[in-house]
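Participant: what would the 3D arrangement of this be:
(one chain, ligands or ions: 1)
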Amino acid sequence: MNDADLSARFTERFGATPRLFRAPGRINIIGEHVDYCDGLVLPAAIDRWCSVAAAANGSDMLRVTAIDVDAEVTLDLGALTPRKDWSDYVAGVAQVLRRDGIAVPGADLMVTSDVPIGAGVSSSAALEVAVLLALLALAGVRDVPRVQMARWAQAAENDFVGMPCGIMDQFASVHGLAGHALRLDCRTLDFTPVALPDKAAFVLVDSMQRHALVDGGYAERRADCEAAAAALGASLRDVTLAQLAGAVLPERPAKRARHVVSEIARVNAAVAALAAGDLRTLGALLDASHASLSVDMAVSTLALDTLAACARAVPSVYGARMMGGGFGGSVLALVDAKQASSAQNAIVAAYAAATGVKANAMLVRAGDGAGEVLP
Ligand code: GAF
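Facilitator: Below is the predicted model:
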């Protein structure tokens, strides 16, 4: 739905003229399951957006219409509690803002998104960030540092939704820069834009296996990593593979830590490969990341392993890996830009032949971060 239609629909439903805000989903080129371990990540915001139309309504209530799921909820700002559905991302943002002393006004919100849900491209972070911008604007709060926006959106997910995610997704949605990935240091939150070469295309292929990160597997990986760091007496960011090999750790935390330490090294290698325009090396790093996520982190699935293998068998694909939290979702393939559309078709055909499932593939471009859509 375009902005004019969203605005018109809002006026039809709520009888007011809204302001519009939008926030993108993200891909992550490399650096998976390391953001919650002080690690390095390389995400990019994508050209898919969650849009929120918003106007104050003079009450103490948030009325929220989600067009795509044809649902509407009314939330009492003074008594926000999780409902275990999509509206928790909205309520969570309102709650963390109120907790930090922001006078969130009653408001009408209308939400629509073309960020695929459950595909590992952070539709939830896009919703949180778009709602955050809307509520801050309606509260009259200006000049908030962008990093604080990312922190609030992450807090909504951690403290209200109950998903112990790191900051990568919300940070990428807030800070995205067209044509660039972001090398983000999750310990300091310093970041550097990394230009993506024109000859590189990123194809996202949804395995159609839905993922849900709130149901335990993600939290368990994070707990294993924290147990490894505690046993080593050091952040995994500061540990080498040699030190790990010499340490006495229970098997599971040891494997998780090996993933984290090796993945952080791959991020630096990937940044160097991008700077050199060396897509072969970058592709090999993506493949190695997948293997580590599958074997050591155990967050891949048969569907994702199959899909990544199907992608790698296509000649114009440099490398492919599962992307995001895992347990389903999407594979990201690095493809020669001249062959992006034929590669996309070839991957879908190979996956259908192997599994009988018709995957959804799309070419994604690195886009700008969240903001208000001005008329
Ligand atoms: C999910 C989380 F939300 C991120 O913080 C990150 O940990 C990712 O999984 C794995 O890299 O998207």
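
Participant: got the residues of the stretch 1-150 of the chain near the ligand?
Facilitator: Residues of the stretch 1-150 of the chain that fall close to the ligand, judged by C-beta under 6 Å from any ligand atom: 32, 33, 35, 36, 122. For the C-beta atoms, the positions are set from N, CA and C on the backbone; glycine is no exception.

Participant: where in this structure is pLDDT low?
Facilitator: Within the chain, the set of residues satisfying pLDDT under 70 comprises 211-215.

Participant: same thing but at 80, please
Facilitator: Confidence mapping of the chain against pLDDT under 80 gives the ranges 210-215.

Participant: in it, where's the longest strand?
Facilitator: Among all segments of the chain classified by DSSP state E, the strand with the greatest residue count is strand 43-56.

Participant: give the other helices and strands that that one contacts.
Facilitator: The contact analysis (3 or more C-beta pairs under 8 Å, 6 or more residues apart in numbering; DSSP states H and E) places strand 43-56 against helix 3-14, strand 19-28, strand 107-113, helix 123-138, helix 168-175, strand 180-185, strand 360-364.

Participant: quick one: residue 32 and residue 330 touch, right?
Facilitator: No: counting by C-beta atoms under 8 Å, residue 32 does not reach residue 330; the two are 12.0 Å apart.

Participant: common neighbours of those two, please.
Facilitator: Counting by C-beta atoms under 8 Å, 6 or more residues apart in numbering, the contacts common to residue 32 and residue 330 are 322, 323, 324.

Participant: just the ones in strands from the residues you listed, please.
Facilitator: With strands taken from DSSP E, the overlap with these comprises 322, 323.

Participant: buried ones among the shared contacts of residue 32 and residue 330?
Facilitator: 322, 323, 324 (16 or more other C-beta atoms under 10 Å).

Participant: not counting sequence-adjacent ones, nearest residue to the first one?
Facilitator: Nearest residue to residue 322 in three dimensions, chain neighbours excluded: residue 304, at 4.2 Å (C-beta to C-beta, 6 or more residues apart in numbering).

Participant: so the one you found touches residue 328, yeah?
Facilitator: Yes: between residue 304 and residue 328 there is a contact under C-beta under 8 Å: 7.2 Å.

Participant: higher neighbour count, these two?
Facilitator: Using other C-beta atoms under 10 Å, the more surrounded residue of residue 304 and residue 328 is residue 304, with 28 against 23.

Participant: which ones are touching the more buried one?
Facilitator: Remark: with contacts taken as C-beta under 8 Å, 6+ apart, residue 304 is in contact with 207, 209, 294, 322, 326, 328, 329, 331.

Participant: can you lay out those as TSV showing secondary structure and distance to residue 52?
Facilitator: Formatted as TSV, the contacts of residue 304 follow (DSSP: H, G, I helix; E, B strand; the rest coil; distance: C-beta to C-beta, whole Å):
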residue	secondary structure	distance to residue 52
207	coil	29
209	coil	29
294	helix	36
322	strand	30
326	coil	28
328	coil	27
329	coil	24
331	strand	29
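
Participant: and residue 19, how many neighbours?
Facilitator: The burial metric for residue 19, expressed as a neighbour count using other C-beta under 10 Å, is 19.

Participant: please, which helix or strand holds the residue in the stretch 1-150 of the chain positioned nearest to the ligand?
Facilitator: In the stretch 1-150 of the chain, no residue comes nearer to the ligand than residue 32, which is 4.0 Å away by C-beta to the nearest ligand atom. Applying DSSP states H and E as the criterion places residue 32 outside every helix and strand.

Participant: residues of the stretch 251-375 of the chain that sit close to the ligand?
Facilitator: The stretch 251-375 of the chain has residues 324, 325 near the ligand, with proximity defined as C-beta under 6 Å from any ligand atom.

Participant: ok, how many other residues are close to the residue in the stretch 251-375 of the chain that the ligand sits nearest to?
Facilitator: Nearest residue of the stretch 251-375 of the chain to the ligand: residue 325, at 3.3 Å (C-beta to the nearest ligand atom). Other residues within reach of residue 325 by the criterion other C-beta under 10 Å amount to 22.

Participant: wait, residue 328 sits on residue 206?
Facilitator: No: counting by C-beta under 8 Å, residue 328 sits too far from residue 206 to count as a contact (9.3 Å).

Participant: so what's residue 363 up against?
Facilitator: Residue 363 makes contacts with 201, 202, 203, 204, 340, 341, 344, as judged by C-beta under 8 Å, 6+ apart.

Participant: what's the answer for residue 134, then?
Facilitator: Residues counted as contacts of residue 134 (C-beta under 8 Å, 6+ apart) are 19, 21, 52, 54, 107, 109.

Participant: tally of neighbours for the closest residue to it other than its chain neighbours?
Facilitator: Of all residues beyond its chain neighbours, the one nearest residue 134 is residue 54 (3.9 Å), with distances taken as C-beta to C-beta, 6+ apart. Other residues near residue 54 come to 27 when the count uses other C-beta under 10 Å.

Participant: tell me what residue 54 is bridged to.
Facilitator: Beta bridges link residue 54 to residue 19, residue 109, judged by DSSP bridges.

Participant: wouldn't it be in contact with residue 19 here?
Facilitator: Yes: judged on C-beta under 8 Å, residue 54 makes contact with residue 19 at a distance of 5.8 Å.

Participant: got any residues that touch both of those two?
Facilitator: Counting by C-beta under 8 Å, 6+ apart, the shared contacts of residue 54 and residue 19 are 134, 137, 138.

Participant: could you chop the chain up by domain?
Facilitator: Here the domain assignment for the chain is 3-193, 196-364, based on automatic domain parsing.

Participant: now the end-to-end length of the first one.
Facilitator: Distances were taken as C-alpha to C-alpha, to the nearest Å; on that basis the terminal residues of domain 3-193 are 28 Å apart.
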